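Q: predicted model and sequence below, questions to follow.
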Amino acid sequence: MGVSRALDFGGKPSAGVRPLVPAAPRRFLPWLALAGLALTAGCASVNQASVPAAVAEIKPGIPVGFLQPGVLPDGLTLLPPPPAPGSAAMAADQAVFRATRAFRNTPRWALAAADAVLTFPQGPAAFSCALDAPITQEATPNLYALLGRSATDANLAAAPTKEHYQRIRPFVFNRQASCTPQDEARLRLNESYPSGHTMIGWTWTLILTELAPERTDRLLSRGYAFGQSRVICGMHWQSDVTASRVLAPGLAARLHADPAFRAQLEAAKAELAVVRAKGLGPTRDCPAEAAALAVTLPKTRHPR
């Protein structure tokens, strides 16, 4: 498994649809993360939170994760194979794909294009409204770093299963445009099952609900929609997204066994308390996001 391929987080808002939120520069800001740093007394004051220590990058803009490869959950063990051609499950995937074509050129289509961007700072900013706080390097450096390193772990956890099954993406299979046409040439060569975007988004969701349990309903709803954006976009089958929602909790459990992750999580909790005390709000257009998310999605149940 090539590292650069496995860690390809690419994507940016579609040039064909006006972005729902302002597009961020297509680059990562410098990544910071905590490496065994414990909270010091008083770091959770209302004026200042601790600053995370720098960690190495696997490649420019992509930090090392918290976990070693052998510790990552095994998708080939935990997940069933993707639906076989001609099966009822594959027919259900196709039915969902056809239904989601009705979202073209709507605000929900534009949100799906915005959700396709995993590069920082826009990637984690997708959860800013649900968290009711900024997720930026300046305002929340520990949280920013926590999501960055966990994204690497999530992508690496999904990669072996993707490469094993070599599933074709729905926009390729059906010869139709996705919500991010600028990404299509690259993603034609990238496997579909399970969804790497959803693996990252659902891992982030689980982390954020622990940091802000009072926002659980909003965060879970946004995390679910983040995955559904890949279906709406035509980049993933429904079963790809559903599989990632199974694998991501396994990764979250593994992360909680890691001391560096737990220390970073506690630093992010203290940091979020500072943000709340300061009254800092989201960095996104929350009314526009809410309007797009209010669109009813097609049924996603699969036959057993």
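A: Ah, there it is.
Q: which stretches in the stretch 51-200 of the chain count as strands?
A: Along the stretch 51-200 of the chain, counting by DSSP state E, counting those that start in this stretch, strands occupy 57-59, 62-63.
Q: in JSON lines: those, plus mean neighbour count, mean pLDDT and distance to residue 171.
A: C-betas here are computed from N, CA, C, even on glycine. As requested, these are exported to JSON lines (neighbours: other CB atoms under 10 Å; pLDDT from 0 to 100; distance: least, CB to CB, whole Å):
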{"stretch": "strand 57-59", "mean neighbour count": "13", "mean pLDDT": "90", "distance to residue 171": "27"}
{"stretch": "strand 62-63", "mean neighbour count": "22", "mean pLDDT": "92", "distance to residue 171": "25"}
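Q: right, so of those strands, which gets closest to residue 101?
A: Among the strands of the stretch 51-200 of the chain, the nearest to residue 101 by CB to CB is strand 62-63 (33.2 Å).
Q: what strands line up against the closest one, and which way round?
A: Under the criterion DSSP bridges, strand 62-63 sits next to strand 57-59 (antiparallel) in its sheet.
Q: one step back: same list (the strands of the stretch 51-200 of the chain) but as JSON lines, adding distance to residue 112.
A: Shown next, in JSON lines, are the strands of the stretch 51-200 of the chain (distance: least, CB to CB, whole Å):
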{"stretch": "strand 57-59", "distance to residue 112": "27"}
{"stretch": "strand 62-63", "distance to residue 112": "24"}
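Q: who touches the most centrally placed residue in the chain in this structure?
A: Nearest to the geometric centre of the chain sits residue 201, at 2.4 Å (CA atoms, centre = their mean). Residues in contact with residue 201 (CB atoms under 8 Å, 6 or more residues apart in numbering) are 115, 126, 223, 226, 227.
Q: A helix includes it, no?
A: Yes. Residue 201 sits within a helix when classified using DSSP: H, G, I helix; E, B strand; the rest coil.
Q: closest to residue 132 among the contacts of residue 201?
A: For residue 132, the nearest member of the contacts of residue 201 is residue 126. The distance, counting by CB to CB, is 13.7 Å.
Q: what sits against that closest one?
A: Contacts of residue 126 by CB under 8 Å, 6+ apart are 114, 115, 201, 222, 226, 284.
Q: before we move on, what about residue 78?
A: 246, 247, 250.
Q: thought the last one was touching residue 73?
A: Yes. Taking CB atoms under 8 Å as the contact criterion, residue 250 and residue 73 are neighbours in contact, 3.5 Å apart.
Q: overlap of the contact sets of the two?
A: Joint contacts of residue 250 and residue 73 (CB under 8 Å, 6+ apart) are residue 157.
Q: who's more crowded, these two?
A: Legend: neighbour count by other CB atoms under 10 Å for residue 250 and residue 73, higher for residue 73 (21 against 18).
Q: contacting residues around that one?
A: 157, 247, 250, 251, 253, 254.
Q: take those and lay them out in a markdown table including pLDDT, secondary structure and distance to residue 233.
A: Converted to a markdown table, those look like this (pLDDT from 0 to 100; DSSP: H, G, I helix; E, B strand; the rest coil; distance: CB to CB, whole Å):
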| residue | pLDDT | secondary structure | distance to residue 233 |
| --- | --- | --- | --- |
| 157 | 98 | helix | 22 |
| 247 | 98 | helix | 20 |
| 250 | 97 | helix | 25 |
| 251 | 98 | helix | 23 |
| 253 | 97 | helix | 29 |
| 254 | 98 | helix | 28 |
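Q: quick one, which of the residues you listed are buried?
A: Among the contacts of residue 73, those classed as buried by 16 or more other CB atoms under 10 Å are 157, 247, 250, 251, 254.
Q: would you mind measuring from the second one to residue 93?
A: Looking back up the chat, that one is residue 247. 18 Å (CB to CB, to the nearest Å).
Q: which parts of the stretch 201-304 of the chain are helices?
A: Ranges of helices in the stretch 201-304 of the chain, per DSSP state H, counting those that start in this stretch, are 216-233, 238-256, 259-278, 286-293.
Q: want to throw the ones you listed into CSV with distance to residue 122?
A: Listed next are the helices of the stretch 201-304 of the chain as CSV, based on distance: least, CB to CB, whole Å:
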stretch, distance to residue 122
helix 216-233, 12
helix 238-256, 20
helix 259-278, 19
helix 286-293, 13
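Q: between those, which gets nearest to residue 195?
A: helix 238-256 (4.3 Å).
Q: and the closest one, what does it pack onto?
A: helix 75-78, helix 88-100, helix 141-165, helix 196-211, helix 216-233 (3 or more CB pairs under 8 Å, 6 or more residues apart in numbering; DSSP states H and E).
Q: model confidence over the fourth one, on average?
A: Per-residue confidence for helix 196-211 averages out to 98 on the pLDDT scale.
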